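# structure here, sequence nowhere to be found:
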C-alpha cells in the first residue's frame, strides 16, 4: 500500500531552520508530483510548495518564496523541504502529498488534486 511519511519537524526559534523529509513507498515515485501543505490551529490547510515528478519544476506560495526550498531524490523516494528564516507564523502541521502526473511537468496546487497524503509533522517556531 502507498505510504508517505513525514519527518524532521520540531521546535525551533524564529530565524532558525529545519529540513523536512517525505519518504514514499508503495508507488512509482518518479511519476508523482509531490507537494507540501500546512495547517495551523484554527486555520484551513494551505498550499506551501510543490515539485514536479522529474524535479525540474517547482512552485512556491508567496509567503515562503526565498525562505523555503523543495527538492527530491527519486533514487531515495524522498522529497525534502528546507525551511530557513522561520517565523512564528510558520507554526503548523506540515503534510506531504503525492499526485500522479506521469512525466508531465505539472505543479498541482490544490489539495483536491493529490492522491495520497502523509500524516504530518509538527513544526513549532518560537518567538
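On my side now, so go ahead. Just so it is clear, the structure is predicted and the values come from calculations on it, not from any experiment.
# which strand or helix spans the most centrally placed residue in the chain?
Residue closest to the mean C-alpha point of the chain, counted by C-alpha atoms, centre = their mean, is residue 36 at 2.4 Å. Assigning secondary structure by DSSP states H and E places residue 36 in strand 32-39.
# after that strand, which helix or strand is next?
By DSSP H and E, the next helix or strand past strand 32-39 is strand 46-51.
# and that next one, which residues are buried?
47-51 (16 or more other C-beta atoms under 10 Å). (Each C-beta comes from the backbone N, C-alpha and C, glycine too.)
# and the residue nearest to the centre of the chain, what are its bridge partners?
residue 49, residue 96 (DSSP bridges).
# contacts only, for it.
20, 22, 48-50, 70, 79, 81, 94-97 (C-beta atoms under 8 Å, 6 or more residues apart in numbering).
# could you dump those residues to CSV with distance to residue 127 and pLDDT?
Output for these, formatted as CSV (distance: C-beta to C-beta, whole Å; pLDDT from 0 to 100):
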residue, distance to residue 127, pLDDT
20, 21, 98
22, 27, 98
48, 20, 98
49, 24, 98
50, 29, 98
70, 25, 98
79, 29, 98
81, 22, 98
94, 19, 98
95, 24, 98
96, 26, 98
97, 29, 98
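# want to try TSV for these, with distance to residue 4 as columns?
Shown next, in TSV, are those (distance: C-beta to C-beta, whole Å):
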residue	distance to residue 4
20	12
22	6
48	15
49	15
50	14
70	14
79	9
81	13
94	12
95	8
96	5
97	7
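# which of those residues are buried?
Of the contacts of residue 36, these count as buried by 16+ other C-beta under 10 Å: 20, 22, 48-50, 70, 79, 81, 94-97.
# list just the nearest of the residues you listed to residue 123.
Set against residue 123, the nearest of the buried ones among the contacts of residue 36 by C-beta to C-beta is residue 94 (5.5 Å).
# find the helix or strand that the closest one is a member of.
Secondary structure from DSSP H and E places residue 94 in strand 92-100.
# which elements pack onto that strand?
Packing partners of strand 92-100 (3 or more C-beta pairs under 8 Å, 6 or more residues apart in numbering; DSSP states H and E): strand 3-7, strand 18-25, strand 32-39, strand 78-83, strand 116-117, strand 121-126.
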